[in-house]
Each structure stands twice: as C-alpha cells, then as structure tokens.
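Q: Kindly return the folded structure for what I paste below:
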Amino acid sequence: KMEFTLTNLLSACAILFMIRFIYRFFIKPYKMLGELRGLKGAVCLFKPIFGIFPQYQKDFASKNDFFYSTKQRFHQNPGMRFMAFPLMDSLYIELYEPELIKEFTNKQYNYFVKDMKLYGVLSPEIKNGLAFTDGEKWKNQRKTLSQIFHYEYMNACIPLINGVTENFIARYCPEKKNTLNVLEAFRLYSAEIVFNVFFGQDTFDTYPDSKKAVKSMLRSMDLMLKLAQSPQNILFGHKYIELGISKREREYLALNQFLREYWGALVQTMKKKYYEKKNSGDSSQKQQWRNMVELMVEEMEKNNYSEKEMDAEMLSQVVTFFVASIESTNNHVSLTMWFLAMHPEVQDKLRAELNENLKPGEPVTREHIMKLNYLHNVFRESLRLSCPAALLFPRRALEDVMLGDVMVRKGNSVVVSVIGAHHNTDYWVNPEKFDPERWTDKSHEEVVNHPYGAIPFAVGPRKCIGEQLAIIQSKTLTIEFVRKFKISLGKTGPLKMDFALAYQPHGEVEIVFERL
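A: Residues are numbered from 1 along each chain as shown. Have a look, this model is predicted:
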C-alpha cells in the first residue's frame, strides 16, 4: 500500500511538472505572441524554447549566411517592422524600423536593462567594461572615457596610424603582385594600431606575446558566442558553463584566465612607467601624443579612484576595447576590399577621387578622411551590407512598456537588428546590392537622412565611443591600398558570412594586390 501511494505521488508530481513545463515554455509564449500578431508589420514565429537560434546555424551551414533568413523575411513579408519569437519562457523582439528603433532608444535607459540571459558567459572584465554596464556605473565610465576619446586625441593618432599602415604595406605587399588572406593580415593591422594606441608606439612589436594575446582573445570571443547560443547555456545558464564540463568550456575558461593575467600585467607595467615619468618631472603634458593608458590613469586620478578601483577599471576597459576594436575593424576593411575587388568600376571611381585630392606619397590627414565624399559613400555602403555589429545587445523590460503601438511585457527582451534595419526593403532599394551611389541618390534620401536609418555604430547615448578611431583606421588603409594597388579576387570560394564576435567572413578571404 505504501509503495502504491508513493508511486501515485511521484506520478502526480511528474504530471504537475509536465503541466507547468508545457504552460511555461509553450502556452505562455504562445499567448504573448498572440498579443502582437495583429499589429502592423509584425512577424511572429512560434519556435518554442530555443527560438530562431538553431535557424541561424542552419542558414550558415546551408546558405553561407548566418542572417540569410533575416534578409529573406523582408521579401516574404513586405512592411515588416519587427519580429517576435520565444526564448525559453519569454519573448525576444527584434526591431527593424527606424521609428521603432528611435522609440526604443529613447526609452531603453528608464525601462530596460541589459539582458544577460545569453551573455552571462562573458568574462567578468567584459561585463564590467563600458559595453555592458548600466546606470550610474556606465555614466561614470562614459564620462571618464569621453575625456580621452575626443576630437583632438583622435587627430593626434593619425600620424601613428599612417606609420603602422606604411609599415604594414611594406611588410605584406613587397612585390609587384601580392596575394593576402586579408582576414588574417588586417587582423594584425588592427591589433597593432589598438595595441600601440593603448600602450605606446611600437609596443605591439616589442612587448612579449602580443600576437599570442590577440589570437587568444579572438579565439575566446569565438568560443563565447558559440557557448552563449548553446542549448546548455540557454537551459542552465552561465553557471553551468563555468563548471568546465566539456572540452570547449575548459578551453574558454583557460583562455580567459591567460588573458586576465596578461592584460593585468601589461596594465601594471604601463602604470609603473607613467608614474616613473611623472615623478621624474618628465610630464606627458608636453608630449604631442600620449598613449591611452596614461590618459586613463590621469582621468581616474582626477576622479579619485582608489588603486584597487583603478586597476579593475583599467583592466575592464582595455579588454573591452580590444575585443570591440580589433575584429570589427578587421572585418569591415576585409569586406571593403572584397566589394572593391568585385566591383572594379567602384574601385576605379574611388581611385580617381583619391588621385585628384592626394599627391603621390602625401600622408593621409583628417581633412582627407572627412571630406572625400565618394570614399565616405563606399565606407558607408560596406558597413550597411556587412556591419560587424549586426545585432545590438538585448535589453530586458523592467515593466510593461509601449514602443509606439508595440506592447513589450515585463521580462521580455528587445534587440535592435542592425543587419535587419540595413536590409529593410521599405527603405532600401535592392538592399543586397553593393551600391555606393545610393548614398547620394534621391530615392534613398529619407533613410539616408534618418538618424536611425543606418546605424553601424549604434545610436543614442550608447553610440560606439571608438567610432572615430575605427573610421580613421578603415579609411586610411583603404586610401593607401586603392591608390597604390589594383585590387582583385584571389582563389577564394563563395563568401561565407558567420556571426561570432562580429558579423564576419568565415574561412579565408584571398585578395590580390597588384602594384600600380
């Protein structure tokens, strides 16, 4: 009798558990989707538990593009403004329309917080960096770093970037005809610039293990995104990942530990050099250019940071900016070269503009970077088609909030799909086509002039603080390669676009540079 009663009790518990499971992960999300289905421009996909993340991987494998389905939905659903789908027991809402993105941007700080459901796997250093903090901590970080990332400092970096670019071309393109895997080569170019900006000129070539640290960081970020989208992270959260059960998880944790020690030691070395110069009376104030670590120490001293706070803050910002800068700039420049190789008529027109405005051997200046109109059109079109920051970080609603006519329930998350906004067929004609002329074409006047129409560096108060540095790097390298070389495709197969640290090509991208 006792055994029979226990069996019944266990059966009842199992049934109650199943009922709760079905309601939480199937019925509840379905009902929430029902609230959005009738809205103008709504696309609601009922894909329980894992949402559309498996589709992303399927598209990459079968269509060579991680965001293939996102782009196709605009053709299948004219007028699409947003898409909603379940993830576990809540909804994710992707925004594609400029006005909805504007409304969300204006409300995100009062009604939303960063949703770490997927990104809890990030290292503590990145979580505490500018990209992921919120509230007062973010405001204080932004205030401190804004004193560094200003117009004058970015201008002062141009000679350094010119020097790195000149040495890079001499090293990688010494022959009449040179074939490069640009993904690998430009990654080191971006790393050298960011490394030298942070730690001082020539430190990338002289500081031990600098290339190992860069490769380790990129590998770590690639693993991070795969783990973030893994079923075990979605089901059990980042605490499960931190157990290091699988080989991939153990590799990720080991890389993070190496990077924590490496960057921490480097920051301490640079701090020590700063204080030695300061105490000897050799103040950096008289120098024409100072590295970013020196400026960060200076600003944090002004804001009365303790030694412990300063060390933690500097480590977080160094890691954050290396992660954000290297791969995004590398991918953008690599794809710009791909587009120019694919469109020789665009390459010829750009070269004509450069030859008209720059004398042979003349170094690139701020004026060139800002005032070469066709270069700017090529730059913007490349970013529109293949923006590295394809998805902005999701934010979770703290209470029920309206975005225009869209009700976002408490606990649901909103993400701005930059790649979706840039392929929205209501605003862009033939959005898959590489067409720099669209930026001066009257047919695109509305979206080009809309502040939320093209947003490769995000928008609003959280717009990328390193935008100007990225522009200077990308345009300088493009200028020098286009005016010195004819650019064509090497033995590269179909372009495969993945999404890891950024929206990026997968495998090798072989480009031929033939000296003019």
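Q: switch to C-alpha atoms for all contacts and neighbour counts from now on
A: Will do.
Q: Name the nearest residue to Arg483, ignoring sequence neighbours.
A: Arg351 (5.7 Å; C-alpha to C-alpha, 6 or more residues apart in numbering).
Q: Could you confirm the one you found falls within a helix?
A: Yes. Assessed by DSSP: H, G, I helix; E, B strand; the rest coil, Arg351 belongs to a helix.
Q: Count the neighbours of it for me.
A: Using other C-alpha atoms under 10 Å, the number of residues around Arg351 comes to 22.
Q: Lys302 too?
A: 10.
Q: roughly how far apart are it and Thr144?
A: To Thr144, Lys302 is 9 Å away according to C-alpha to C-alpha, to the nearest Å.
Q: which stretches of the stretch 301-450 of the chain have low pLDDT?
A: Judged against pLDDT under 70, the stretch 301-450 of the chain has no low-scoring part.
Q: got the residue ranges for the strands in it?
A: Assigned by DSSP state E, counting those that start in this stretch, the stretch 301-450 of the chain shows strands spanning 395-397, 401-403, 406-408, 413-416.
Q: Of those, flag the one that's most buried.
A: strand 413-416 (a mean of 25; mean count of other C-alpha atoms under 10 Å).
Q: strands paired with that one, and their directions?
A: Strand 413-416 pairs in its sheet with strand 90-95 (parallel), strand 395-397 (antiparallel), by DSSP bridges.
Q: can you give me phi and psi for Ala500?
A: Dihedral pair for Ala500: phi -120, psi -110, per degrees, to the nearest 10.
Q: what's the burial count for the closest residue to it other than its chain neighbours?
A: Closest residue in space to Ala500, ignoring its immediate chain neighbours: Asp222 at 5.2 Å, by C-alpha to C-alpha, 6+ apart. Number of residues near Asp222 (other C-alpha under 10 Å) recorded here: 16.
Q: Can you verify my assumption that Asp222 contacts Asp498?
A: No. With contact defined as C-alpha atoms under 8 Å, Asp222 does not count as touching Asp498 (10.5 Å).
Q: what's the helix or strand Cys157 falls within packed up against?
A: When secondary structure is defined by DSSP states H and E, Cys157 falls within helix 151-172. Contacts defined by 3 or more C-alpha pairs under 8 Å, 6 or more residues apart in numbering; DSSP states H and E place helix 151-172 against helix 182-199, helix 467-484.
Q: Show me the least confident stretch of those, going by mean pLDDT.
A: Ranked by mean pLDDT, the helices and strands packed on helix 151-172 end with helix 182-199 at the bottom, a mean of 90.
Q: tell me how far it is from the chain's mean position?
A: Helix 182-199 sits 16 Å away from the centroid of its parent chain (C-alpha atoms, centre = their mean, to the nearest Å).
Q: Give me the most central residue, the protein.
A: Centroid-nearest residue in the chain: Ala389, 3.6 Å away (criterion: C-alpha atoms, centre = their mean).
Q: The residue lying closest to that residue once chain neighbours are set aside and Met83: what is the separation?
A: Excluding the flanking residues, the one nearest Ala389 by C-alpha to C-alpha, 6+ apart is Ala502, at 5.8 Å. The gap separating Ala502 from Met83 is 21 Å, by C-alpha to C-alpha.
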